[in-house]
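K.L.:
I need the structure of the sequence given here:
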Amino acid sequence: MKANIASTNEGKNISNIKPSDQQINKLLMHFQAGHLDKAKKLAASITHKYPNDVLSWKILGAVLRQTDRKSEALVANKKVIALSPKDAAAHYNLGVTLKELRIVEEAEASYAKAIALKPDFAEAHYNLGVMLVELERYEEAETSYAQTIQLKPDFAEAHSNLGDVLNGMRRFKEAKVSYQKAIALKPDFAEAHYNLGIALHELGRFEEAEGSYLQTIKLKPDFAEAFNNFGIILHKMGRHEEAEVRYKQAIKLKPDFVKAYNNMGTVLQAQGKSEEALGAFKQALTIKADYSEAYNNIGAVLNGQGKPEEALKAYEKALEINPDFSKASAGMGECLLKIGKFEEGRSLIQKNDGSISL
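P.N.:
Numbering: from 1, shown residues only. You can find the predicted model right below:
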């Protein structure tokens, strides 16, 4: 007969025994110090020995997510909820992991559950807003961000994201106010300055937009999109040489920036530098072969150079890519008139109004 091994846990359910305060403190110390490998090993050890310890499962899930082991993190997050179904933070953490795994509908449901359990959970309202934007449900996202701000008025990112939603809905005056609030809370918030520039641009307040873009690139000198948008504003104000400089800076920062090449072509053409403009448009096409705007602009330059037959080929290519491109259709009409195809040309011109496209 085999001898029984003695155990101090005889007659008890081992899963209900808790880890010591020393173990938990050590786990928290590793996690808060960013020693994720040590935290993972210790959390895995504790959850194996004490499978009902909620905090250890929470930390294990967080560490696994931060070390890009998201599928394993998902298992840990769900274990926490099984042990503590009314834990709002657990549902929130599950939502974060699901979002990163692109399991969108379940992520939304997790954030909603966290809010149902804890209505004043500002971060859950905020992340739900982020999720709703990705789902293109902008009015609902607006509500989520507004709720976030009501709960946490000093949440600069929520003000900025609300501005993004309002910008997207073309409510530029309201967007401007949101970005200004974000900047007041966080003056070095480069993205908020940038997006404020976009709102001001749309409102036709070009000089103010210029100030926003200047502040953006001061805070974030490698922000290629800000240089490009700055160039657009300068171009619209007739400051073509300055615009050219900004486009070149955008391209230097982002050599495959197709829109910046196209925009630089337009400003070169505005300065009468037709051959350089063609070079910029063609460079855009080496990056994005189906870029209809570049073909349209090549057509406009060639047409202006008195080469309607060559221009027609460029316009045809633009329309092949985008059959509804009215500017290319109108440009084609002008070329047809020049080569004597009057009926076809007049028909297209009456239907459309063409010019170089920004």
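K.L.:
gap between N263 and N297?
P.N.:
Counting by CB to CB, to the nearest Å, the separation of N263 from N297 is 10 Å. Using the backbone N, CA and C atoms, a C-beta is placed for each residue, glycine as well.
K.L.:
higher neighbour count, those two?
P.N.:
N297 (30 against 27; other CB atoms under 10 Å).
K.L.:
helix, strand or coil for the more buried one?
P.N.:
helix (DSSP: H, G, I helix; E, B strand; the rest coil).
K.L.:
pLDDT score assigned to it?
P.N.:
On the pLDDT scale, N297 is placed at 96.
K.L.:
just L135 next, same as before
P.N.:
L135 carries a pLDDT score of 91 in this model.
K.L.:
swap in the one 3 residues further on?
P.N.:
Per-residue confidence for Y138 comes out at a pLDDT of 96.
K.L.:
For it, the count of nearby residues, please.
P.N.:
Counted with other CB under 10 Å, residues neighbouring Y138 total 16.
K.L.:
How about the contacts made by the closest residue to it other than its chain neighbours?
P.N.:
Spatial nearest neighbour of Y138, excluding adjacent residues (CB to CB, 6 or more residues apart in numbering): V165 at 5.3 Å. V165 is in contact with 129, 133, 138, 141-142, 145, counting by CB atoms under 8 Å, 6 or more residues apart in numbering.
K.L.:
Secondary structure class of E309, three-state.
P.N.:
The three-state label given to E309 by three-state DSSP is helix.
K.L.:
could you measure the residue nearest to it when sequence neighbours are not counted against G331, distance?
P.N.:
The shortest distance from E309 to any non-neighbouring residue, by CB to CB, 6+ apart, is to I339 (6.5 Å). Distance of I339 to G331, given as CB to CB: 13 Å.
K.L.:
Check L278 too.
P.N.:
From L278 across to G331, the span is 15 Å (CB to CB).
K.L.:
repeat for M131
P.N.:
M131 is 42 Å from G331, by CB to CB.
K.L.:
mind listing what the residue sitting nearest the centre point of the chain touches?
P.N.:
In the chain, the centroid-proximal residue (CA atoms, centre = their mean) is E134; its distance is 9.2 Å. Residues near E134 by CB under 8 Å, 6+ apart: V104.
K.L.:
re the thing from before, of the contacts of V165 - the most surrounded one?
P.N.:
Neighbour counts for the contacts of V165 peak at Y145, which has 29 neighbours (criterion: other CB under 10 Å).
K.L.:
Spatially nearest residue to that one (excluding sequence neighbours)?
P.N.:
L162 is the one closest to Y145 (CB to CB, 6+ apart), at 4.0 Å.
K.L.:
Do I have it right that the one you found meets S144?
P.N.:
No. Contact criterion CB atoms under 8 Å: L162 and S144 do not qualify, at 9.2 Å.
K.L.:
Run a quick neighbour tally on A289.
P.N.:
A289: 11 surrounding residues under other CB under 10 Å.
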